[in-house]
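>>> Mind looking at a prediction? Sequence and model below.
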Amino acid sequence: MEHKNTLFKFKRSPHARLPPGTLIHTGERKIDQVQISTRIYDKDTLAPFTSTDALNPIPETNPAKTTWINIDGLHKLELIKQIGEHFQIHPLILEDIVNTEQRPKFEDLGDYLFIVLKMLYWNPHKNILETEQVSILIMPHVLISFQERPGDVFDGIRERLQGKKGRIRKSGTDYLAYALMDAVVDNYFNILEKLGDEIESLEDEVMTAPSPNSLQTLHTIKRRLLYMKKAIWPLREAVSQLERAESTLVHPPSRPYFRDIYDHAVQIIDMLETMRDMNAGLFDMYMSSVSNRMNEVMKVLTIIATIFIPITFIAGIYGMNFEWMPELKWKYAYFAVWGLILLVTGGMLAFFKRKKWL
């Protein structure tokens with residue numbers, strides 16, 4: 001079965017009848033203990049720090065350096081509220097952070113920027129597509145990322161920070177936000193490649209030996225493509241708003257990088273539409289193949305029934321219990337009837353072959 005995050009969820013909001021900004025964690029609790037990791041760096045130094053202390057979760061920040069705080073686990077609402085009060089985050093933003101059913105979006109709050117996107121994973125052991133919401137707060141010298149659980153696609157960024165690779169150590173929080181978003185978007189290509197391989201192998205199966213499992217796989221791929229579309233379409237809009245934002249938190253040298261993410265999102269959407277068309281074509285091919293097989297079966301059965309109609313007619317005539325039937329007393333009547341049956345059968349087979357029905 002697929003991951004429990006479905007395409008559409010029509011259910012009553014847990015925030016009904018509650019004041020705006022009330023923190024309620026929605027979604028699956030994917031980790032027991034909240035983990036907080038902090039990296040404070042500039043172009044010359046890097047000071048990694050890790051803490052799971054919910055009583056003192058806020059590390060000291062240095063205005064002269066860039067601080068990346070990553071929080072794994074959203075269910076400890078007091079901790080989220082404490083972080084929000086420390087960095088003066090609006091309660092409605094905190095409410096969106098702990099609500100894991102948010103659509104990808106971008107908001108400019110003046111003193112900070114807020115981004116929501118979906119991180120997708122391919123679980124090779126269960127052969128399913130899993131998803132996780134990632135929220136990013138961009139401030140002048142601090143970036144805070146919120147995830148539902150440990151394990152992500154950011155290992156390459158951590159290695160670049162550790163090894164002083166690229167320009168990430170020389171840039172601020174806007175470029176770090178680009179790196180995180182770019183890692184998420186690049187991972188979409190890996191998932192699309194996996195789905196493309198499934199579609200190619202399924203195409204051979206549908207053309208040669210379609211089965212009910214083929215139809216189930218077609219529907220599974222369709223659901224995955226629809227979910228990816230739901231995650232990427234609003235992300236394209238969010239990245240476009242971020243790239244065109246007039247906020248001073250996004251510096252001019254970083255804007256071309258966000259434009260590159262936008263181009264990648266457009267490319268992924270084009271690939272998604274192509275795969276959806278291919279999947280729809282495979283569904284039509286499957287139905288045509290099943291219909292053709294059914295037609296072949298019906299043709300064979302029709303030919304057999306057609307052949308037996310005159311044979312049944314002959315057997316029916318000589319099966320009547322009339323006393324004065326001419327052939328009943330004839331010595332070779334039995335063999336004559338069999339000869340007539342074989343003659344009729346052979347003639348009909350020859351006629352069908354001549355018409356190319358066989």
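Received, thanks.
>>> residues near R354, how many?
9 (other C-beta atoms under 10 Å). Yep, even glycine has a C-beta here, placed from its N, CA and C like the rest.
>>> Kindly report the same for K222.
17.
>>> how near is it to K229?
Separation of K222 from K229 (C-beta to C-beta, to the nearest Å) stands at 11 Å.
>>> go on, L235?
Taking C-beta to C-beta, one finds L235 at 10 Å from K229.
>>> Show me which of these two is the more surrounded one.
Remark: of L235 and K229, L235 carries more neighbours, 27 against 17, as counted by other C-beta under 10 Å.
>>> helix or strand for that one, which one?
helix 212-244 (DSSP states H and E).
>>> following that helix, which helix or strand comes up?
helix 255-318.
>>> So for that next one, mean pLDDT?
Helix 255-318 shows a mean pLDDT of 88.
>>> I'd like to know which elements that helix is packed against.
helix 173-208, helix 212-244, helix 333-354 (3 or more C-beta pairs under 8 Å, 6 or more residues apart in numbering; DSSP states H and E).
>>> what would the ones you listed look like in a markdown table with mean pLDDT and distance to H251?
Shown next, in a markdown table, are the helices and strands packed on helix 255-318 (pLDDT from 0 to 100; distance: least, C-beta to C-beta, whole Å):
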| stretch | mean pLDDT | distance to H251 |
| --- | --- | --- |
| helix 173-208 | 89 | 6 |
| helix 212-244 | 88 | 12 |
| helix 333-354 | 89 | 80 |
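>>> Could you dump those helices into a markdown table with distance to M275 added?
Below are the helices and strands packed on helix 255-318 laid out as a markdown table (distance: least, C-beta to C-beta, whole Å):
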| stretch | distance to M275 |
| --- | --- |
| helix 173-208 | 6 |
| helix 212-244 | 6 |
| helix 333-354 | 44 |
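>>> between K222 and K229, what contacts are shared?
Contact criterion C-beta atoms under 8 Å, 6 or more residues apart in numbering; residues shared by K222 and K229: R276.
>>> Just the buried residues of stretch 342-354, please?
V344, M348 (16 or more other C-beta atoms under 10 Å).
>>> Measure how far it is from the centre of its chain, please.
Its chain's C-alpha centre and that of stretch 342-354 lie 56 Å apart, by C-alpha atoms, centre = their mean, to the nearest Å.
>>> And for that stretch, what's in contact with it?
Identification of contacts with stretch 342-354 by C-beta under 8 Å, 6+ apart yields I303, T306, I307, P310, I311, I314, L358.
>>> on that earlier part again, the helices and strands packed on helix 255-318: which one's closest to N99?
Closest approach to N99 among the helices and strands packed on helix 255-318 (C-beta to C-beta): helix 212-244, 15.1 Å.
>>> Now do the closest one: distance to the chain's middle.
With C-alpha atoms, centre = their mean, you get 6 Å for helix 212-244.
>>> so what does it touch, helix or strand wise?
strand 105-108, strand 113-123, strand 128-138, helix 173-208, helix 255-318.
>>> Would you mark the buried spots in that helix?
For helix 212-244, a neighbour-count test (16+ other C-beta under 10 Å) marks 214-215, 217-218, 220-222, 224-225, 227-236, 238-243 as buried.
>>> Equivalent analysis for stretch 129-142, please.
Neighbour counts using 16+ other C-beta under 10 Å place L129, E130, T131, E132, Q133, V134, S135, I136, L137, I138, M139, V142 of stretch 129-142 among the buried residues.
>>> same check, this time on stretch 108-119
So for stretch 108-119, counting by 16+ other C-beta under 10 Å, buried means D108, L109, Y112, L113, F114, I115, V116, L117, K118, M119.
>>> Please enumerate residues in contact with it?
By C-beta under 8 Å, 6+ apart, stretch 108-119 touches 87-90, 93, 96, 102-107, 131-139, 147, 152-153, 177, 181, 184, 187, 231, 235, 238, 241-242, 245, 247, 249-250.
>>> Now do it, average pLDDT.
Average pLDDT, stretch 108-119: 93.
>>> distance between that stretch and the chain's centre?
24 Å.
>>> Quick one: end-to-end distance for it.
Terminal residues of stretch 108-119 lie 21 Å apart, using C-alpha to C-alpha, to the nearest Å.
>>> quick check: domain ranges of the chain?
35-289, 294-354 (automatic domain parsing).
>>> quick one, which of those domains is nearest to I24?
Comparing those under C-beta to C-beta, the one sitting nearest is domain 35-289, at 6.8 Å.
>>> contact partners of stretch 157-170?
R39, Y41, D42, K43, L46, W68, Y175, L176, A179, L180, A183.
>>> Weed out the non-buried ones from the contacts of stretch 342-354.
The neighbour-count criterion (16+ other C-beta under 10 Å) marks I307 among the contacts of stretch 342-354 as buried.
>>> Show me which pair in the contacts of stretch 342-354 is furthest apart.
So for those, where distance means C-beta to C-beta, the most widely separated pair is I314 and L358, at 22.4 Å.
>>> Identify each buried residue in stretch 276-283, please.
For stretch 276-283, a neighbour-count test (16+ other C-beta under 10 Å) marks R276, M278, N279, L282, F283 as buried.
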